[in-house]
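**Student:** Pasted the sequence and its predicted model underneath.
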Amino acid sequence: MKSPLKEEGADYLFKKLKENELRYDWFTAKFSAEYKNNRNKTSFNGQIRIRKDSLIWLSFSPMLNIEAFRVTITQDSVKYMNRMNDTYFAGDYNVVNRLLGTNVDFDLLQSFLTGNDLSFYENGKFKASVDKNVYKLSTAERRKLKKYIRKSEEDLNVLIQNIWINPENFKIIQADVKEIREPNIRLNADYNEFEKIGEQLFPKEMIFDIFAANNIHVKIDFSRISVDVPQAFPFRIPDSYRQVK
């Protein structure tokens, strides 16, 4: 039987969390995923490439490893190609957030997909506790750092956030986020099956849940993970493709 966990202060836990985050400039991996949206369920394979704090590139192959969708996400834009019907989209996060019923930004997506904490938000105002023999950090008001706020984000969300931390390796094992303005919308992430990538730990299994008007559940299993290998991010839209709004 494990002995009770020693309580630690929020500053100490946050420092240990940051020290044990995945350190990378480039990230790439293969993945398989299951997606559920109310009664709909689908499975697909794909590849992800990330240039830290700059660009997320995704390729989705639902059938026979033939690419169906390609997506690029930057700090202020979202683009995708649908090879199944020869269409493409180029716009901002507003369209994505209306579709998902959320208010995500690049930092939130990047952190959830790498199992790291947010990079562009203030770090203060956390409270520490012990929850079911793991550490927990909580804050009711986490704001984006002013130097990262863009004109399109003047009405930016203020986050209510909880982070659960493994007391042995100080990796994030669960995190959830919701907005003060939209308390009925919550994003939750669970991280499992940590594997050594070089001298670092990375969760091979991630489970994401969006609780909103239409609940979304995504389970991702990663393979062939590598860090700091420079990547290309090809995204050329054929002339024959039709733009959708």
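**Tutor:** Sure, I can see it.
**Student:** Put the alpha carbons of the helix or strand bottoming out on mean pLDDT in the chain into CSV.
**Tutor:** Confidence across the helices and strands of the chain bottoms out at helix 93-100, with a mean of 72, counting by mean pLDDT, DSSP states H and E. Extracted as CSV, the C-alpha positions of helix 93-100 are listed here (Å, rounded to 0.1, in the frame of the first residue of the first chain):
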residue,chain,number,x,y,z
TYR,A,93,-10.0,29.8,-35.7
ASN,A,94,-13.5,31.3,-35.7
VAL,A,95,-14.8,28.7,-38.2
VAL,A,96,-13.2,25.8,-36.3
ASN,A,97,-14.5,27.0,-33.0
ARG,A,98,-18.1,27.4,-34.3
LEU,A,99,-17.9,23.9,-35.7
LEU,A,100,-16.6,22.3,-32.5
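**Student:** just the strands in the protein please.
**Tutor:** Along the chain, counting by DSSP state E, strands occupy 26-37, 40-51, 55-61, 69-74, 78-82, 87-91, 127-131, 134-142, 159-165, 172-179, 186-197, 200-211, 216-227, 242-243.
**Student:** I'd like the ones you listed as TSV, with mean neighbour count appended.
**Tutor:** (C-beta placed from N, C-alpha, C; glycine too.) Below are the strands of the chain laid out as TSV (neighbours: other C-beta atoms under 10 Å):
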stretch	mean neighbour count
strand 26-37	17
strand 40-51	16
strand 55-61	19
strand 69-74	18
strand 78-82	19
strand 87-91	15
strand 127-131	14
strand 134-142	17
strand 159-165	20
strand 172-179	20
strand 186-197	16
strand 200-211	18
strand 216-227	16
strand 242-243	10
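**Student:** Need the ones you listed in CSV (columns: mean pLDDT).
**Tutor:** Shown next, in CSV, are those (pLDDT from 0 to 100):
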stretch, mean pLDDT
strand 26-37, 96
strand 40-51, 95
strand 55-61, 97
strand 69-74, 95
strand 78-82, 95
strand 87-91, 94
strand 127-131, 96
strand 134-142, 94
strand 159-165, 94
strand 172-179, 93
strand 186-197, 96
strand 200-211, 96
strand 216-227, 96
strand 242-243, 96
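**Student:** looking at the ones you listed, which is closest to Pro4?
**Tutor:** Nearest of these to Pro4, taken as C-beta to C-beta: strand 127-131 at 7.8 Å.
**Student:** just how off-centre is the closest one within its chain?
**Tutor:** Offset of strand 127-131 from its chain centre (C-alpha atoms, centre = their mean, to the nearest Å): 23 Å.
**Student:** by contact count, what packs against that strand?
**Tutor:** Helices and strands touching strand 127-131, by 3 or more C-beta pairs under 8 Å, 6 or more residues apart in numbering; DSSP states H and E, are helix 10-19, strand 134-142.
**Student:** okay if I get the ones you listed as JSON lines plus distance to Arg83?
**Tutor:** Shown next, in JSON lines, are those (distance: least, C-beta to C-beta, whole Å):
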{"stretch": "helix 10-19", "distance to Arg83": "40"}
{"stretch": "strand 134-142", "distance to Arg83": "38"}
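**Student:** So which residue is dead centre in the protein?
**Tutor:** The centre of the chain sits closest to Phe112, judged by C-alpha atoms, centre = their mean, with a distance of 2.3 Å.
**Student:** Which neighbouring residues are in contact with the closest residue in space to that residue that isn't next to it in sequence, exactly?
**Tutor:** Distances taken as C-beta to C-beta, 6 or more residues apart in numbering put Ala189 closest to Phe112, at 5.1 Å, once the chain neighbours are dropped. Ala189 makes contact with Phe112, Gly115, Gln174, Ala175, Asp176, Met206, Ile207, Phe208, according to C-beta atoms under 8 Å, 6 or more residues apart in numbering.
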